[in-house]
Structure formats: structure tokens, C-alpha cells
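Enquirer: When you get a sec, could you give me coordinates for this:
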Amino acid sequence: MPTFYGLQMNKVLNSPLQSLIEVAHVGGRVRCFNEKITLASQAIADIVYVARLPKNAVPLFGVIHSSVTLGATTFSVGVTGTVAKYRALAVFTTPDIPVIYGLVAPFGEMLTVQEDWFLTIAALAFPAAGTLRHQVYYTLD
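Expert: Have a look, this model is predicted:
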């Protein structure tokens, strides 16, 4: 029966130089950028900045929750040049229940530059009132 290793476990178990392991990938402290957005009818094509992650951070996952339903409003989470890098366009309809999101490709990968994350509203405006929370969890050491 063959044995398989993940990228980091291969370094841990099979590398003579343990210094090859980035602490952000193994043993890094989890940090959070926690943002509160007051909903105020933000319109289609508006962007709402929600986080700044430093160079060498490793994004783990994002969380969105709202005090009200956002109905048929769709929005993505991304950065300049890739507006849906971290969350593809989708709705958020259930208030007061956090939703974890994260596209596989960018999450778990070390950032090579500082990134400012934002929501891009694509269909229908946000509600006129309520609170939207956005957290992104990441490691950095």
C-alpha cells in the first residue's frame, strides 16, 4: 500500500532541513481581521473594503454574517484585479448565521504582497439598514 504526504508533512517527515517549513503553514498563530459594515443601500458596482492582510500572511478562511437577509443581492470578495479571488458571486439570505467561505486555490497560500480585500456588489443594492460582519482568519509569523 503506497504512502502519500501533504506538502508540509513531506517537509516535516522527509526533509533533512526542517527550516524549509514556513511557520505560517505549520505552527503559526491564527489572527483575524474583523470588520463591521453598516448597511445603507450600497448600490450595484459599489465596493466595500473589509480587510488588509500583510505580505506573507496565509489566508485560512472567511466568515460572513448579517443581522438581516441580503435577499437577492449578490456580491463577491476579492482584491484589485481579481474581484472574486476569495468568494465567487453569491447571495447571503439567512440572517444571524455565520457562513464560512473560501475558494480552494487562494486560501492556504502565502501572499506575496499586501492585499486590501473588498466586497463587490453585483446585483441589487444592499438593504437600507442592518449590520454585516466580515472576518478573515489567517496566519502570520
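Enquirer: what residue lies at the spatial centre of the protein?
Expert: Gly62 (3.7 Å; C-alpha atoms, centre = their mean).
Enquirer: ok so Gln8 is a helix residue?
Expert: Yes: counting by DSSP: H, G, I helix; E, B strand; the rest coil, Gln8 falls inside a helix.
Enquirer: How about the contacts made by it?
Expert: 21, 25-26 (C-beta atoms under 8 Å, 6 or more residues apart in numbering). Glycine gets a C-beta too; all of them are placed from N, C-alpha and C.
Enquirer: one more time with 10 Å, if that's ok
Expert: 20-22, 25-26 (C-beta atoms under 10 Å, 6 or more residues apart in numbering).
Enquirer: on that earlier part again, Gly27 versus the residue nearest to the centre of the chain, what's the distance?
Expert: 22 Å (C-beta to C-beta, to the nearest Å).
Enquirer: ok, now Ile100?
Expert: The value you get for Ile100 to Gly27, if C-beta to C-beta is used, is 22 Å.
Enquirer: Below-threshold pLDDT in the protein: ranges please.
Expert: Residues of the chain that meet the criterion pLDDT under 70 lie in 17-19.
Enquirer: Can you list the residue ranges for helices in it?
Expert: If DSSP state H is used as the criterion, the helices of the chain fall at 7-14.
Enquirer: Show me the strands in it, by range?
Expert: Shown for the chain, the strands assigned by DSSP state E span residues 30-38, 47-53, 58-66, 74-79, 82-90, 99-101, 115-123, 131-139.
Enquirer: How far off centre is the fifth one?
Expert: This means strand 82-90. Taking the mean of its C-alpha atoms, strand 82-90 sits 10 Å from the chain's own mean (C-alpha atoms, centre = their mean, to the nearest Å).
Enquirer: do the third one as well
Expert: Computed by C-alpha atoms, centre = their mean, the separation of strand 58-66 from the middle of its chain amounts to 4 Å.
Enquirer: Given that strand, what are its sheet partners and their directions?
Expert: Its sheet considered, strand 58-66 pairs with strand 99-101 (antiparallel), strand 131-139 (antiparallel) by DSSP bridges.
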